[in-house]
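1. Predicted structure and sequence below. I'll ask about it afterward.
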Amino acid sequence: MADLAARVLEPVVDFGRIARLWMRATMAYPASFWMLAVSSPLTTGLDFVALVIIFGNVDDLGGFSLTEIGFLYGATGVGIGVADLVVGRVGNLGELVRTGRLDTMMTKPVPLLVQVCADGFALRRLARVLQSGAVLAWAATYVDWSPARVATTGAMLVSGSLIFAALFVGMSCLQFWTTDTAEVANGFTYGGNTATQYPLTVFPVEVVKALTFVLPIAFVNWYPALYVLGRDDPFGLPSWLQHASPLAAVVCLGACALAWRSGVRHYTSTGS
Amino acid sequence: MALIEARDLNRTFSVRRRGAGRRDVVAVRDVTFDVEPGEMVGYIGPNGAGKSTTIKMLTGILVPTSGHLRVAGVEPSRDRRRLARQIGVVFGQRTSLWWDLPLRDSFDLLHRIYRTDPARHRANLAEFVELLALGDLLDTPVRQLSLGQRMRGDIAAALLHDPAILYLDEPTIGLDVVSKGRLREFLRALNATRGVTLLLTTHDLQDIEALCDRVVVIDHGTLVYDGSLPGLHEVGGSTRTLVVDLADAAPPIAVPGADTVRVEGPRQWLRFPAEASAAPVVAAVAAAYDVADLSIQEPAIEDVIRSLYGSG
């Protein structure tokens, strides 16, 4: 038991150690840290400013009010923000392969994924979490809360982070084979984030089904939010989906783990 | 049990050719060798021979296509993290240090992630800082170090956790003569005092002459020689040269067991097999001619290996 705890805990501790060192390295250039820390929430926050401006002219979007969309927006933003903060650096995998740094990481006693994700850790990525969290907190003041809705919201945020994290890692595995596919991964992760900033009622039902059963991004916020906001599914899909986010997260993580293992086993290193 | 056990090791890469589909390229073919604890082995061969591919299999980076491989009792690619505690790896052309951080921080992080005993870490660090003259560099970010300084830092980093095996991939590449000499001295001492097993790939054959009792030669993915350095000369058909300064210019010297290959005034060059003794040749020359001076030129290993590759 103690052995198992150590096996789970040690990689987490190592992540923290490597990440702290990188934070110290970034603080060697304080001006650039602060410029990025201030500018990145501004750029992500502009999405929501645009929504507010739209609502100056319309009363609802796809049948949802501004506070309801704020809930959706905040939830997916926190999910991708947490995932990006913790595992976002996996998008840099191709670069590590090209420079051979992945080889040196493979000779260290820390799980490879932990090293890859902690490499170049930047606290400024917290900005998106904070900005989305602020919108979510504002939207939450309009929700009619019950214990079940609080629990669903908690599960939504954890599952959403895990689904995005699994997408970041799973899509990056392509870079074991072709090192220049970082943009493909970004298309799925940031694209998924953008799609779920709006109520899915703005899309045709085929898109919604694809986002449910193929690339399960809809579980990041859409289904649990329908429950928390007390809305019936506009597409008439079964209501158990509204509680299936943790299941979707487990499936995504499983697929991601398989992809990562396969990537490492088939890794061919560079020429030298 | 041998520290490194490789049996019929194969590694194939699938290479995409422009317009010609995929093709399998064998990088390492049926390689078999053992390394015993405390050995210093030179692993040499021309570019693209399969040296790096072998090292990457031994360190768990690459999964062998087939064959049996055990290093320090574990199967490298399956048990990479356990193996990591037993080995130190230095890739000459890249660093495992953290580029933007002072050397001291890199060493400290390694101490923590390897979870080395603090007292042991302190003792090792003090020793390597002293032997590798790193004292003045500890607070310098790695990116500001010269190549030689960085290499010393990397070697210290690879040894802090007391590995049983140290792999060095081109450790002296790009270093000046003095740095090379110091590094070789350090590695020799490391092997003698701590019994660390060394496996190094190199293009610099002086590294091999200075360090290795055993040479393993690979070409086109296949082992072509495994044995001592003198034995390599024998197999490679290398020769030594006796340079004779006579009192006066003379016609080419004719003695048994040697060929006169060049005559320049009173100086003549006689070639004889590297594994043969020089004594009878010298005696024969001295008996028949009026000799002012003698010297012997040792074979250049480059030539030996070239002839080995040529015949292989």
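-> Good, I have the coordinates. Residues are numbered from 1 along each chain as shown, chains lettered A, B, ... in the order given.
2. Please enumerate the strands of chain A.
-> With DSSP state E as the criterion, chain A has no strands.
3. who does residue B:271 bridge with?
-> Counting by DSSP bridges, residue B:271 is bridged to residue B:241, residue B:259.
4. Go ahead and confirm it touches residue B:259.
-> Yes - judged on CB atoms under 8 Å, residue B:271 makes contact with residue B:259 at a distance of 5.2 Å. C-betas here are computed from N, CA, C, even on glycine.
5. Compare neighbour counts for those two and give me the winner.
-> Under the criterion of other CB atoms under 10 Å in any protein chain shown, the comparison of residue B:271 against residue B:259 puts residue B:271 first, with 17 against 13.
6. and the more buried one, how far is that from residue B:5?
-> As for residue B:271, its distance to residue B:5 is 41 Å (criterion: CB to CB, to the nearest Å).
7. and what of residue B:239?
-> Distance, residue B:239 to residue B:5, using CB to CB: 36 Å.
8. what do you get for residue A:269?
-> Here residue A:269 is placed at a distance of 22 Å from residue B:5 (CB to CB).
9. One more: residue A:59?
-> Distance of residue A:59 to residue B:5, given as CB to CB: 75 Å.
10. more crowded one of those two?
-> Ranked by neighbour count (other CB under 10 Å), residue A:59 and residue B:5 place residue B:5 first, with 17 against 7.
11. where does the stretch 51-200 of chain B come near chain A, residue by residue?
-> Within reach of chain A by CB under 8 Å from any CB of the partner chain, the stretch 51-200 of chain B has these residues: B:52, B:56, B:59-63, B:77, B:80-82, B:84-85, B:87, B:89, B:91, B:93-96, B:98, B:100-101, B:105, B:109, B:112-114.
12. switch to 7 Å and redo it
-> Within the stretch 51-200 of chain B, the residues that sit near chain A (CB under 7 Å from any CB of the partner chain) are B:52, B:56, B:59-63, B:80-81, B:84-85, B:87, B:89, B:91, B:93-94, B:96, B:98, B:100-101, B:105, B:109, B:112-114.
13. and the stretch 101-250 of chain A, which residues reach chain B?
-> By the rule CB under 7 Å from any CB, the part of the stretch 101-250 of chain A lying against chain B is A:101, A:103, A:104, A:106, A:107, A:108, A:109, A:110.
14. is it possible to export those residues to a markdown table including neighbour count and pLDDT?
-> Below are those laid out as a markdown table (neighbours: other CB atoms under 10 Å in any protein chain shown; pLDDT from 0 to 100):
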| residue | neighbour count | pLDDT |
| --- | --- | --- |
| A:101 | 20 | 91 |
| A:103 | 25 | 93 |
| A:104 | 23 | 93 |
| A:106 | 24 | 95 |
| A:107 | 23 | 94 |
| A:108 | 23 | 95 |
| A:109 | 18 | 94 |
| A:110 | 21 | 95 |
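15. Among those residues, list the two that are farthest apart in space.
-> The span of these, defined through CB to CB, is set by A:101 and A:109 at 16.5 Å.
16. How many neighbouring residues does the closest residue to residue A:110 other than its chain neighbours have?
-> Take residue A:110 and drop its neighbours on the chain: the residue closest to it by CB to CB, 6 or more residues apart in numbering or on different chains is residue A:14, 4.6 Å away. By the criterion of other CB under 10 Å, residue A:14 has 21 neighbours.
17. contacting residues around residue A:14?
-> Contacts of residue A:14 were listed using CB atoms under 7 Å, 6 or more residues apart in numbering or on different chains, and they are A:110, A:114, B:113.
18. how near is it to residue A:113?
-> 11 Å.
19. tell me which strands and helices the helix or strand where residue B:184 lies is in contact with?
-> Here residue B:184, judged by DSSP states H and E, is contained in helix B:177-194. Using 3 or more CB pairs under 7 Å, 6 or more residues apart in numbering or on different chains; DSSP states H and E, the elements in contact with helix B:177-194 are helix B:205-211.
20. which element follows the helix it packs on toward the C-terminus?
-> Using DSSP H and E, the helix or strand that directly follows helix B:205-211 along the chain is strand B:214-219.
21. After that next one, which helix or strand is next? Please name it.
-> Counting by DSSP H and E, what follows strand B:214-219 is strand B:222-227.
22. Who are the contact partners of residue A:174?
-> Contact analysis of residue A:174 by CB under 7 Å, 6+ apart lists A:181, A:184, A:185.
23. how many neighbours does the first one have?
-> Burial measure for residue A:181: 19 neighbouring residues, criterion other CB under 10 Å.
24. Please report the distance of it from chain B.
-> Distance of residue A:181 to chain B, computed by CB to the nearest CB, to the nearest Å: 15 Å.
25. Surely that residue is in contact with residue A:175?
-> Yes - using CB atoms under 7 Å, residue A:181 is in contact with residue A:175, at 5.6 Å.
26. what touches both of these two?
-> Residues touching both residue A:181 and residue A:175 (CB under 7 Å, 6+ apart) are residue A:94.
27. And residue 194, what's its pLDDT?
-> Because you didn't say which chain, this covers chain A. Predicted confidence (pLDDT) at residue A:194: the value is 87.
28. my question was about chain B
-> pLDDT recorded at residue B:194 is 93.
29. give the contact list for the residue positioned nearest the centre of chain A.
-> Centroid-nearest residue in chain A: residue A:80, 2.5 Å away (criterion: CA atoms, centre = their mean). For residue A:80, the contacting residues are A:164, A:189, A:193, by CB under 7 Å, 6+ apart.
30. List the contacts of the strand or helix carrying residue B:233.
-> Under the criterion of DSSP H and E, residue B:233 resides in helix B:229-236. If you take CB under 7 Å, 6+ apart as the criterion, helix B:229-236 is touched by B:208, B:209, B:212, B:215, B:225, B:274, B:275, B:299, B:304, B:305, B:307, B:308.
31. how does it look with 10 Å?
-> With contact meaning CB atoms under 10 Å, 6 or more residues apart in numbering or on different chains, helix B:229-236 is reached by B:42, B:44, B:205, B:208-209, B:212-215, B:217, B:224-228, B:238-240, B:273-276, B:298-299, B:301, B:303-312.
32. which residue of chain B sits farthest from its center?
-> Distance from the centre of chain B peaks at residue B:248, with 44.2 Å (CA atoms, centre = their mean).
33. ok so, going back, what touches both of residue B:271 and residue B:259?
-> With CB under 10 Å, 6+ apart, residue B:271 and residue B:259 have common neighbours residue B:239.
34. coming back round to it: can I get the buried part of the contacts of helix B:229-236 as one ChimeraX selection?
-> Command for ChimeraX that selects the buried part of the contacts of helix B:229-236, burial taken from 16 or more other CB atoms under 10 Å in any protein chain shown:
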select /B:42,44,205,208,212,214,215,217,224,225,226,238,239,240,274,299,301,304,305,308,309
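35. can you list the domain ranges for chain B.
-> Following automatic domain parsing, one finds the domains of chain B at B:4-233, B:239-300.
36. Looking at those domains, which one is packed in the most?
-> Of the domains of chain B, the one with the most neighbours on average (mean count of other CB atoms under 10 Å in any protein chain shown) is domain B:4-233, at a mean of 18.
37. what's the offset of it from the middle of its chain?
-> Here domain B:4-233 is found 10 Å from its chain centre; the criterion is CA atoms, centre = their mean, to the nearest Å.
38. same deal with stretch A:96-105?
-> Stretch A:96-105 sits 25 Å away from the centroid of its parent chain (CA atoms, centre = their mean).
39. got the CA coordinates for that stretch in PDB?
-> What follows is stretch A:96-105, C-alpha atoms only, in PDB (Å, rounded to 0.1, in the frame of the first residue of the first chain):
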ATOM      1  CA  LEU A  96      12.000  17.300 -28.100                       C
ATOM      2  CA  VAL A  97      12.200  14.500 -30.600                       C
ATOM      3  CA  ARG A  98      14.000  16.700 -33.200                       C
ATOM      4  CA  THR A  99      16.600  18.000 -30.800                       C
ATOM      5  CA  GLY A 100      17.200  14.600 -29.100                       C
ATOM      6  CA  ARG A 101      16.200  15.900 -25.700                       C
ATOM      7  CA  LEU A 102      13.600  13.200 -25.500                       C
ATOM      8  CA  ASP A 103      16.400  10.700 -25.600                       C
ATOM      9  CA  THR A 104      18.100  12.200 -22.600                       C
ATOM     10  CA  MET A 105      14.700  12.300 -20.700                       C
END
